[in-house]
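Peer 1: predicted model and sequence below, questions to follow.
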Amino acid sequence: MAHFLPLPDAVAQNLKSGDTVAFEGFTHLIPHASAHEAIRQDVRDLTLVRMTPDVIYDQLIGMGMVRKLIFSYAGNPGVGLLRRLRDAVENGWPHRIEIEEHSHAAMANAYEAGAAGLPFATFRGYKGAELARVNANIRSVTCPFTGEELAAVPAIRPDVTFIHAQKADRKGNVLIEGIVGVQKEAVLAAKRAVVTVEEVVDDLAAHPNACVLPGWTVSAISVVPGGAHPSYAHGYYPRDNASYIAWDKIAADRGEFLAWMKHNVLDASPEDFAERTKDLRSAA
């Protein structure tokens, strides 16, 4: 059952050095506040999992917190490269990381297998693809009914998943509206789950087909208005495109990156997200 906690407590109780952790969100509701709190707590030796890792994974990697990245496509959305990721892979700064690259389909199926408690995912994919040559976790199985050869990848079972959502009710049920990527599956696959939300309400007023995570699937809920910034939260604030564009220059230089992280993350707090999105929220 979900416990309502300040974000520093939620992170401290659920994320430990050496964990496999997913900070999930697909262009939308990306849990920036949770990632920043993990950086402030200096959690190390992490295996990061994510479909489309973007700015927060660039930040975690650049701060030397990551041992391995399991992912499908990595980039600053709409802008270009993840420069801290590239520097780590190509130049070993701040240290080298292991990478395990998959397709989007493989990641989605692997999360679903983890959510179902299965050891691996099987699907039609990777036909004619080269990734299997560099990723030993891409294998094949033969269907016992048709004889068809199918792709197989290990299930994803994070120690902890972090997501951002619009609302939680006072019983700890969480509502996700707008674009839903693999947040539901990532939560159900994880041993522990932490959700930051824009607000707590008496009634979710959810459509019957809405994505609702019942309270028993969530370990902790933290109220962090603006906690997805600079990504967007449908119904609350738009995407801050200028921040993504600015990140490309910030991340290109090691010194500028470290200075930005000190000012905007290490010396900041979860409450700063509300201030950063105040104008965006009032205009929404």
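Peer 2: Perfect, I can see it now.

Peer 1: mind jotting down where the helices sit in the stretch 101-250 of the chain?
Peer 2: Assigned by DSSP state H, counting those that start in this stretch, the helices in the stretch 101-250 of the chain fall at 104-115, 183-189, 241-252.

Peer 1: right, and those helices - which one's nearest residue 10?
Peer 2: helix 183-189 (14.0 Å; CB to CB). From N, CA and C alone the C-beta is placed, and that goes for glycine too.

Peer 1: quick one on the thing from earlier: dump the helices of the stretch 101-250 of the chain into TSV; add mean neighbour count as well.
Peer 2: TSV is the format used below for the helices of the stretch 101-250 of the chain (neighbours: other CB atoms under 10 Å):
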stretch	mean neighbour count
helix 104-115	23
helix 183-189	24
helix 241-252	16
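
Peer 1: want to try CSV for these, with distance to residue 55 and mean pLDDT as columns?
Peer 2: Shown next, in CSV, are the helices of the stretch 101-250 of the chain (distance: least, CB to CB, whole Å; pLDDT from 0 to 100):
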stretch, distance to residue 55, mean pLDDT
helix 104-115, 19, 97
helix 183-189, 18, 98
helix 241-252, 5, 97
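
Peer 1: will you turn the ones you listed into CSV that also has distance to residue 60?
Peer 2: Listed next are the helices of the stretch 101-250 of the chain as CSV, based on distance: least, CB to CB, whole Å:
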stretch, distance to residue 60
helix 104-115, 18
helix 183-189, 16
helix 241-252, 12
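
Peer 1: so for residue 219, which of the ones you listed sits nearest?
Peer 2: Going by CB to CB, the one of those nearest residue 219 is helix 183-189, 9.5 Å.

Peer 1: quick one: that closest one to chain centroid distance?
Peer 2: 11 Å (CA atoms, centre = their mean, to the nearest Å).

Peer 1: grab the nearest non-local neighbour of residue 57.
Peer 2: residue 48 (5.8 Å; CB to CB, 6 or more residues apart in numbering).

Peer 1: can you classify that neighbour by secondary structure?
Peer 2: strand (DSSP: H, G, I helix; E, B strand; the rest coil).

Peer 1: okay, now it: neighbour count?
Peer 2: Residue 48 has 24 neighbours, counted by other CB atoms under 10 Å.

Peer 1: swap in the one 4 residues further on?
Peer 2: For residue 52, the count of nearby residues is 19 (other CB under 10 Å).

Peer 1: for the stretch 151-284 of the chain, give me the ranges with low pLDDT.
Peer 2: For the stretch 151-284 of the chain, the stretches flagged by pLDDT under 70 are 284.

Peer 1: one more time with 50, if that's ok
Peer 2: For the stretch 151-284 of the chain, applying pLDDT under 50 flags no range at all.
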